[in-house]
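**Q** The following comprises the amino acid sequence and a computationally predicted model.
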2 protein chains.
Amino acid sequence: MPPEPGDNSSLGLALLGSGNVGAGVVAALNEGAARYALQVGRPLALRQVLVRDATRARPGLGDAHLTISIDEVLADRDVQIVIELMGGEHPAREYIERALASGRHVVTANKEVMAKHGAALLAVAAQHGVRLLYEASVGGGIPVISPLSRDLLANELTAVTAIINGTTNYMLTGMARDGTDYAVALAEAQRLGYAEPDPTADVEGIDATYKLAILCGLAFHAAVAPDDVARQGISRLAARDFRYAEALGYTIKLLAIGRLVDGGVVASVQPTLIARDEPLAKVDGVLNAVQIEGDLVGRVLFIGRGAGPGPTSSAVLADVLDVARDIVAGRTPLAAPEQRVLPVHPPALHRSRYYLRVTVQDRPRVLARLAGVLGEHEISIASVIQFETDDDARTAELVITTHHAPGSAMEAALSEIRALDAVVEVGNVLAMGG
Amino acid sequence: MPPEPGDNSSLGLALLGSGNVGAGVVAALNEGAARYALQVGRPLALRQVLVRDATRARPGLGDAHLTISIDEVLADRDVQIVIELMGGEHPAREYIERALASGRHVVTANKEVMAKHGAALLAVAAQHGVRLLYEASVGGGIPVISPLSRDLLANELTAVTAIINGTTNYMLTGMARDGTDYAVALAEAQRLGYAEPDPTADVEGIDATYKLAILCGLAFHAAVAPDDVARQGISRLAARDFRYAEALGYTIKLLAIGRLVDGGVVASVQPTLIARDEPLAKVDGVLNAVQIEGDLVGRVLFIGRGAGPGPTSSAVLADVLDVARDIVAGRTPLAAPEQRVLPVHPPALHRSRYYLRVTVQDRPRVLARLAGVLGEHEISIASVIQFETDDDARTAELVITTHHAPGSAMEAALSEIRALDAVVEVGNVLAMGG
């Protein structure tokens, strides 16, 4: 219910989850309390905090009630906004749904839940006349969702190209700069706390597929499930892929790309060679970047820190302030605008240029045979460079770059290439931008 | 008045001004008509176009009524949103005010009017329960106003650093790359239509001060008038400033900077040396960029095309769609949140590092005298390089870089330096970033 005009009572918040990011949000709420009260028109009060262990002391929680029970949180009728920072699919999805169904607005940073269940949860929110906001789920503090859903709305968007996993970007930046191998870069990232002990979600691109699915939904109004995204991790990258890329004028980034192709959406997360003078090539370290292309605006690029308590708090609290202002003004949520819905094309349709690193027996006519196989699949070669020769093993390493070809054609060609006598190993196959 | 639910009548627009950008907006409205109708829930219809010459044929205007009279435009009761694209201070300001006072929402791209009269016009809008939106007035299609007023609202913003004049950035990029002088770069920009026949507003930084005033208002809630901005144009830059900057590891950009200093705002537009590895140093050609620093988010950077019919239409129509959706939903405008208002400090308080290019008579002890004058004003020297010597004239060119010092101290030191016997000329004085 909208408050009476002039109501100065506080506006109640609940926080689900109290890890690093939760602590950041609590600190920011305390630090900014006076400003936020002015911006909203009423003070914000953190009333309930759902934790795993309610006996452990936590600083800065003031009068908030600590509980391990979602029922207790939702039983507090003065809680109007629930902030979900638990992460993971379960029980976060269920708690978000229960909060929405009980008439609470929800602000979440949960990319996995939004990627897998976003459409269903947004429908629950609409049904109950409340809002579900999730700016913090993609790109940390970089504003991306609000620009996509508001500022660029007049455009027919044609592509979203993003570096949205800070861990892998940190590792790839180090490999490019220091010439280190994957294992060394991973150990360094783990030592600094940028990579988890089990790094799978980051290095295999799973985290990035969640975020890309969310971005594609907003940019193209297409229901892209994480499984719809063609995915390739960075763990096969070797130091010499970076050397060869550099020799070709490129660097390697883990790019999440959603594209409008033939009236549908094609989505991929894969390590990609991009020309060194592309703006995205210069996005280094733990920075994230989202590049959006639209028919009117051309390309716009957003760069910033994609993770950490500060940037995530910035995004979470922007959503909280937005909802809080609506509550105080007694504004009901706008229905999501009707949109045409686009189909999602299978990844095999994805056309790309390719970089192939192949170890071959160093004898005449090997290249002719490779070119022959590629040609039969209508893949034309852009360049061939013989980078290294091992005289003892009588092998050589070839790097072949191709013109645009469908992923399916490259797959088929690769099976034949692997079967060639003269081919010792297909070392790596990477997409090339442009 | 809010429409009846299910109302499918069109929502009336009026366009004031029909130059390049106006034609772009008309083309986009036609091209995107079906999408926009879905997004808004009702079709948009351009009903009135204010032009200078109503007899000249214009393509794509459909049933719109061409007129040279603002009275006729405002007499059309079906016009609910007025789009102002006339540019210039008068009569645009008066027309915007009349439109607002007559209960019309207004979308404008007019940086001069918003910089000089924005606060007053926003008050008129609030008084009449309508909205005044101006995303297109800064940074073309780059979303900046909505991120500042919504997405980064939880932050205490500490600095805005922007490249917001495409003409000068194009010229400076050319000078840095080709080693050309100012006059050559200007002629080239004029030949390509990037610079006006009278380039004063661009090259003297006037256009950038308008945009910076608008940005500072949003970022710091400070009423920064264009005259409050310390302003230095690019016309004194010489080819050798770029050579020397490069030798020092820097490039030169026209930076618009607003900073929170001692509880107030300091604003400047000036050619500035920035380190070549800074992200802003890589923003080249006609691109614009806005970098925002906040306590939570750290630095976020937005890059895109800052001018032209496409990007401007993207921003104008985003505002139009936003208002139109509110009209259809019967939502009344949110009052602007209450904010503390910050004082604007005089430019002399601005502290900066400096680059000084001085031609001196090549004789012993000149440097000691220069250093002495700087030292008396508590300006400490970071580096001195003697770049060129003219043996015939017995002169040498020194480049001195300093540590941080107040602008007032540098002004005072410069008057004394200019009066020194041994000083032939102070060639240039530029701020240095960092």
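**A** The structure has been received and is ready for your questions.
**Q** drop to CA atoms for contacts and neighbour counts, all remaining ones
**A** Will do.
**Q** What's the per-residue pLDDT of the residue in the stretch 1-150 of chain A that chain B sits nearest to here?
**A** Sorted by distance to chain B under C-alpha to the nearest C-alpha, the residues of the stretch 1-150 of chain A start with residue A:39, at 4.7 Å. pLDDT for residue A:39: 90.
**Q** Which secondary structure element is home to it?
**A** Element membership for residue A:39 (DSSP states H and E) is helix A:33-40.
**Q** can you count the residues close to residue A:244?
**A** 17 (other C-alpha atoms under 10 Å in any protein chain shown).
**Q** before we move on, back to that, name the residues of the helix holding residue A:39 that are buried.
**A** A:35-37, A:39-40 (16 or more other C-alpha atoms under 10 Å in any protein chain shown).
**Q** now for that helix, which elements pack on it?
**A** Using 3 or more C-alpha pairs under 8 Å, 6 or more residues apart in numbering or on different chains; DSSP states H and E, the elements in contact with helix A:33-40 are strand A:44-50, helix A:309-329.
**Q** After the helix or strand of chain A with the lowest mean pLDDT, heading C-terminal, what element do we hit next?
**A** When each helix and strand of chain A is scored by mean pLDDT, DSSP states H and E, helix A:145-146 comes last, with a mean of 85. Helices and strands here follow DSSP H and E; after helix A:145-146, the next one along the chain is strand A:157-163.
**Q** sorry, back to before: can you redo the helices and strands packed on helix A:33-40 as JSON lines with mean neighbour count and distance to chain B?
**A** As requested, the helices and strands packed on helix A:33-40 are exported to JSON lines (neighbours: other C-alpha atoms under 10 Å in any protein chain shown; distance: least, C-alpha to the nearest C-alpha, whole Å):
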{"stretch": "strand A:44-50", "mean neighbour count": "23", "distance to chain B": "12"}
{"stretch": "helix A:309-329", "mean neighbour count": "25", "distance to chain B": "4"}
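**Q** element containing the residue located most distally from the centre of chain A, please.
**A** For chain A, the largest distance from the centre (C-alpha atoms, centre = their mean) belongs to residue A:364, which lies 45.3 Å off. Element membership of residue A:364, judged by DSSP H and E, is empty: it is in no helix or strand.
**Q** From residue A:396, how far out is it?
**A** Distance of residue A:364 to residue A:396, given as C-alpha to C-alpha, to the nearest Å: 11 Å.
**Q** residues near residue A:376, how many?
**A** Quick note: residue A:376 (other C-alpha under 10 Å) scores 11 neighbours.
**Q** same question but for residue A:385, I mixed them up
**A** Count around residue A:385 with other C-alpha under 10 Å applied: 14.
**Q** Excluding residues flanking it in the chain, which one is nearest it?
**A** Residue nearest to residue A:385 in three dimensions, not counting chain neighbours: residue A:399, with 5.3 Å by C-alpha to C-alpha, 6 or more residues apart in numbering or on different chains.
**Q** in the sheet, who's paired with that neighbour?
**A** For residue A:399, the beta-bridge assignment (DSSP bridges) gives partners residue A:357, residue A:385.
**Q** Give the phi and psi angles for residue A:181, as a check.
**A** phi -90, psi 170 (degrees, to the nearest 10).
**Q** Would you map the strands across the stretch 51-200 of chain A?
**A** A:65-67, A:79-84, A:105-108, A:132-133, A:157-163 (DSSP state E, counting those that start in this stretch).
**Q** and the first one, which residues are buried?
**A** By 16+ other C-alpha under 10 Å, the buried positions in strand A:65-67 come out as A:66-67.
**Q** what bits of the stretch 301-434 of chain A have low per-residue confidence?
**A** A:336-340, A:434 (pLDDT under 70).
**Q** the helices in it, which residues?
**A** Assigned by DSSP state H, counting those that start in this stretch, the stretch 301-434 of chain A shows helices spanning A:309-329, A:366-376, A:407-419.
**Q** quick one: low-confidence ranges for the stretch 101-250 of chain A?
**A** Scanning the stretch 101-250 of chain A for pLDDT under 70 picks out nothing.
**Q** how about the residues of it that lie near chain B?
**A** A:141-143, A:146-147, A:150-155 (C-alpha under 8 Å from any C-alpha of the partner chain).
**Q** Same question for the stretch 251-400 of chain A.
**A** Residues of the stretch 251-400 of chain A found near chain B (C-alpha under 8 Å from any C-alpha) are A:295-305, A:310-315, A:317-319, A:321-322, A:329, A:331, A:334, A:337-339.
**Q** Mind checking what secondary structure residue A:266 has?
**A** For residue A:266, the secondary structure call by DSSP: H, G, I helix; E, B strand; the rest coil comes out as strand.
**Q** Distance check, the residue of the stretch 1-150 of chain A closest to chain B against residue A:362.
**A** 70 Å.
**Q** Kindly report the same for residue A:279.
**A** Taken as C-alpha to C-alpha, the span from residue A:279 to residue A:362 is 38 Å.
**Q** okay, these two: which has more neighbours?
**A** More crowded of residue A:279 and residue A:362, by other C-alpha under 10 Å: residue A:362, with 19 against 16.
**Q** what residues are up against the more buried one?
**A** Contacts of residue A:362 were listed using C-alpha atoms under 8 Å, 6 or more residues apart in numbering or on different chains, and they are A:389, A:394-396.
**Q** Kind regards, and thank you for your time.
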